[in-house]
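Peer 1: my questions concern the predicted model and sequence given below.
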Protein chains: 2
Amino acid sequence: MITITDIAINHATIRKQADMTRFIELCVERDIKTISIWGDEVDRVGERTVLPVLQEIGLRVLGYNRLGPFEPKFLDRTRMELERAARFGADHVMVFTGGIPGGQRDLATLRRQHEDCIGKLRDEAASFGVTLALEPLHPMLFGDRTTLASLSRANDLCDALGEGVGIVIDVHHVWWDERLEAEVARAGAARRIVGFHVNDWLLPTKHLLRDRGMMGDGIIDLAAIERMVRRAGYGGPIEVEIFSDDWDSRAPETVLDIAIERCLAIF
Amino acid sequence: MITITDIAINHATIRKQADMTRFIELCVERDIKTISIWGDEVDRVGERTVLPVLQEIGLRVLGYNRLGPFEPKFLDRTRMELERAARFGADHVMVFTGGIPGGQRDLATLRRQHEDCIGKLRDEAASFGVTLALEPLHPMLFGDRTTLASLSRANDLCDALGEGVGIVIDVHHVWWDERLEAEVARAGAARRIVGFHVNDWLLPTKHLLRDRGMMGDGIIDLAAIERMVRRAGYGGPIEVEIFSDDWDSRAPETVLDIAIERCLAIF
C-alpha cells in the first residue's frame, strides 16, 4: 500500500494543458511531493519564475528531461542542461539518444557511437554531481527515438560505465520482455534503479508514441511489476508518465485526480 | 546476387487487391516459383478451384497461414488446416498464438499455456508430416497478437520441443534486437530457419499493424540481415510479406513489380 507521498507526477502527463507554473499548483493542491520536469517547459515560463517557487514549496525534482537527442545542436546544450538540473536539485537527468541519423543503417556502429556518447555525458555529469538515467524505450521506438531498446542492454551499458549512471524502468517500454524479472533483479542488485514510471498498454494501441493508457485501462500487470521493482530494492516514488492524445484532451485536474486514484488503488 | 527464383511472394502482400486465383496468375506472369498462402483466401475461391491450378503450374507453397490464434474456435480447425497444408504441399505451417485473453495479466502462466499448446500442435502436425514455423512478432504486437516476441524465446522453445518445429525470421519483427546476430546464428546452427520474410521499417511508422514499408523505403539494413541468415545456413527463398494500407491502395501488378525489383537490387 502506497500513500500520496509515494507518487511522483511527470509534467509530460499534462503539459499540453498546464504550463509548469500551473503544473506545480495542481500538484501542490493534491499534496504531491515529487515531480519530474522538462527543460523546454522551464524555458516556457522562465527559470527565474519557477525555480524560486519550487524551492519555497519544497517540491522535490526527481527526473530532469533531458540530454539528447545525440545530434550536434542538442549536445551543445548539454552543459547548460546539466547545470540547470543541478540547480533544480534533480535526482537524475534522463538520457535520450534519439534515433538513427538519416542514411545510417549500420546498427552495430551506431550503438557503439551512442554508447561512447553516453560515457562522455556521464563524465560531464559527474563534474556537476548529477546522476544520469538511461531509460530503455520500447523496441517500436528503436530507430525513430532511441538506439537503446532493452533493459538488458541498459544493464550491460551500466556495467561497462560504472558509477554515475542509473536506469529508469518504464512499464510501457519493458512489460512484454520475457527477461523482465531477471533484468529488474540485475539492475536492483547493482543498486541502479533510479526511477519507476507507470502508465498502461492499451488494446489496441493506436499510435506508437501518443497512445499510452492510464494505469488500469490496459493489460499490464502493474502491481506485479511494482513488486518486482520493490523486491529488487527500489524504494523511490512511482512516477506517472502518460503520453496520450486522449488524456491530453481532458482537464488536467481530472487527469491528475484519476492518475492518483488509480495509483492508490493498484499499488 | 539473387535471381527471380529466389523470391517468394506472400499473398498477404496483395490480398486486398487480388484473390488467390488472381494472385497465382500475377506470380506466374512474373516467373515467381514460390508463394505463401492463407487458408481464408483458399476458402474464398475454393480449394477445389485453386489446388489443381497450383499443381498444374507447379508453383511451390512455402508457408501456409495459419494455426491460431489459440482460442477454442480456431483450435477446433487445427486438424483441417494441417490436412489442407499437407494437400498443398506446404513447406511449413505458421503458428500464430494470438494475444492475451481478456482479463488475463499473468504473463508467465500465459506463456506457459501457449507453449504447451505449441507442443500439442507440433505433435499433431507431425502425424501429417507437416513442419510448424514459429514466427516471433514485434514486441509492439505482444499482448494484442502474440505472446512470442523475441527470436531468443523462439529458439528456447525450439530447443525444448525438438523436431518438427522451425522458425521464420521476419525482418520487421526482429531488426532492432541487439541479440539478432547471435540468435540468427543459434537458429541456423540448429538448422531450424525455415523462412526469411522481408519488408521494411518506415520512419515514422504510423500504425502498429498496417504500415510496413516496401524494401528499401525504410531504415532496416536488409542486405546485412540477409547475410546473417545466409551465414547461418539458410538456403531458402526470400519471402516478401508486406502489410500496408498504403501498398494495398496500389495496383497489385505495381506492388509485385516493385517488390521484385527491390529484392533483385538489394539482395
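Peer 2: Done, it's in.
Peer 1: residue A:82: neighbour count?
Peer 2: Residues within reach of residue A:82, counting by other C-beta atoms under 10 Å in any protein chain shown, total 23. C-beta here means a position set from N, CA and C on the backbone, and glycine is covered the same way.
Peer 1: which of the residues in the helix or strand bottoming out on mean pLDDT in chain A are buried?
Peer 2: The helix or strand of chain A with the poorest confidence is helix A:72-75; it has a mean of 89 (mean pLDDT, DSSP states H and E). Buried residues in helix A:72-75, counting neighbours by 16 or more other C-beta atoms under 10 Å in any protein chain shown, are absent.
Peer 1: residues contacting that helix, please?
Peer 2: The contact list for helix A:72-75 (C-beta atoms under 8 Å, 6 or more residues apart in numbering or on different chains) reads A:67-68, A:98, A:117.
Peer 1: report the distance from that helix to the chain centre.
Peer 2: 20 Å (C-alpha atoms, centre = their mean, to the nearest Å).
Peer 1: what element comes up after that helix heading to the C-terminus?
Peer 2: helix A:78-87 (DSSP states H and E).
Peer 1: packing partners of that next one?
Peer 2: For helix A:78-87, the elements it packs on are helix A:39-45, helix A:47-57, strand A:60-67, strand A:92-95, helix A:107-127, judged by 3 or more C-beta pairs under 8 Å, 6 or more residues apart in numbering or on different chains; DSSP states H and E.
Peer 1: again, only using 7 Å
Peer 2: Secondary-structure packing of helix A:78-87 (3 or more C-beta pairs under 7 Å, 6 or more residues apart in numbering or on different chains; DSSP states H and E): helix A:39-45, strand A:60-67, strand A:92-95, helix A:107-127.
Peer 1: and those, which is most packed in?
Peer 2: Among those, strand A:92-95 has the highest mean neighbour count (mean count of other C-beta atoms under 10 Å in any protein chain shown), at a mean of 25.
Peer 1: so what touches it?
Peer 2: With C-beta atoms under 7 Å, 6 or more residues apart in numbering or on different chains as the contact definition, strand A:92-95 has outside contacts at A:63-68, A:81-82, A:85, A:118, A:121, A:125, A:130-135, A:166, A:168, A:194-195.
Peer 1: swap in 8 Å and give it another go.
Peer 2: In contact with strand A:92-95 (C-beta under 8 Å, 6+ apart) are residues A:62-68, A:81-82, A:85, A:118, A:121, A:125, A:130-135, A:165-166, A:168, A:194-195.
Peer 1: and for stretch A:183-197?
Peer 2: Outside stretch A:183-197, the residues that touch it by C-beta under 8 Å, 6+ apart are A:10, A:36, A:62-63, A:91-92, A:131, A:133, A:135, A:150-152, A:154-155, A:158-159, A:165-172, A:174, A:177, A:225-226, A:228-229, A:231-234, A:236-241.
Peer 1: quick check: PyMOL command selecting the buried ones in those.
Peer 2: Selection of the buried residues among the contacts of stretch A:183-197 in PyMOL, burial being defined by 16+ other C-beta under 10 Å:
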select buried, chain A and resi 10+36+62+63+91+92+131+133+135+150+151+152+154+155+158+165+166+167+168+169+170+171+172+174+177+225+226+228+229+232+234+236+237+238+239+240+241
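Peer 1: of the contacts of stretch A:183-197, which belong to helices?
Peer 2: A:151-152, A:154-155, A:158-159, A:171-172, A:174, A:225-226, A:228-229, A:231 (DSSP state H).
Peer 1: closest to chain B out of the residues you listed?
Peer 2: Chain B lies nearest to residue A:152 out of those, by C-beta to the nearest C-beta, at 7.8 Å.
Peer 1: can I get stretch A:55-70 as CSV, trimmed to CA atoms?
Peer 2: Extracted as CSV, the C-alpha positions of stretch A:55-70 are listed here (Å, rounded to 0.1, in the frame of the first residue of the first chain):
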residue,chain,number,x,y,z
GLN,A,55,12.3,25.9,-3.7
GLU,A,56,9.8,27.8,-1.5
ILE,A,57,7.2,25.0,-1.7
GLY,A,58,9.8,22.3,-1.2
LEU,A,59,8.7,20.2,-4.1
ARG,A,60,11.4,17.6,-4.9
VAL,A,61,12.5,17.2,-8.5
LEU,A,62,13.1,13.5,-9.4
GLY,A,63,13.8,13.4,-13.1
TYR,A,64,15.0,16.2,-15.3
ASN,A,65,14.3,15.8,-19.1
ARG,A,66,16.7,15.6,-20.9
LEU,A,67,20.1,15.2,-22.5
GLY,A,68,19.8,14.4,-26.2
PRO,A,69,18.9,13.5,-28.9
PHE,A,70,22.6,12.9,-29.8
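Peer 1: near chain B, which residues of the stretch 101-250 of chain A are found?
Peer 2: Contact residues, the stretch 101-250 of chain A versus chain B (C-beta under 8 Å from any C-beta of the partner chain): A:105-107, A:111, A:138-140, A:142-144, A:149-150, A:152-153, A:176-178, A:201, A:203-206, A:208, A:219-221, A:224.
Peer 1: show the buried residues in these.
Peer 2: Applying 16+ other C-beta under 10 Å to those, the neighbour count classes A:105, A:107, A:111, A:138-140, A:142-144, A:149-150, A:152-153, A:176-178, A:201, A:205, A:208, A:219-221, A:224 as buried.
Peer 1: correct me, but residue A:258 touches residue A:214?
Peer 2: Yes - here residue A:258 reaches residue A:214: they are 6.1 Å apart, a contact under C-beta atoms under 8 Å.
Peer 1: so between the two, which is more surrounded?
Peer 2: More crowded of residue A:258 and residue A:214, by other C-beta under 10 Å: residue A:214, with 22 against 17.
Peer 1: thinking that one is in contact with residue A:201, fair?
Peer 2: No - with contact defined as C-beta under 8 Å, residue A:214 does not count as touching residue A:201 (11.2 Å).
Peer 1: between these two, which contacts overlap?
Peer 2: Counting by C-beta under 8 Å, 6+ apart, no residue touches both residue A:214 and residue A:201.
Peer 1: what's the burial count for residue A:244?
Peer 2: 23.
Peer 1: and it, what does it touch?
Peer 2: A:210-214.
Peer 1: residues contacting residue A:96?
Peer 2: Counted by C-beta under 8 Å, 6+ apart, residue A:96 has contacts A:65-69, A:135, A:145-146.
Peer 1: nearest to residue B:251, of those residues?
Peer 2: Using C-beta to C-beta, residue A:145 comes nearest to residue B:251 of those, at 34.4 Å.
Peer 1: and the gap between that closest one and residue A:241?
Peer 2: Distance, residue A:145 to residue A:241, using C-beta to C-beta, to the nearest Å: 14 Å.
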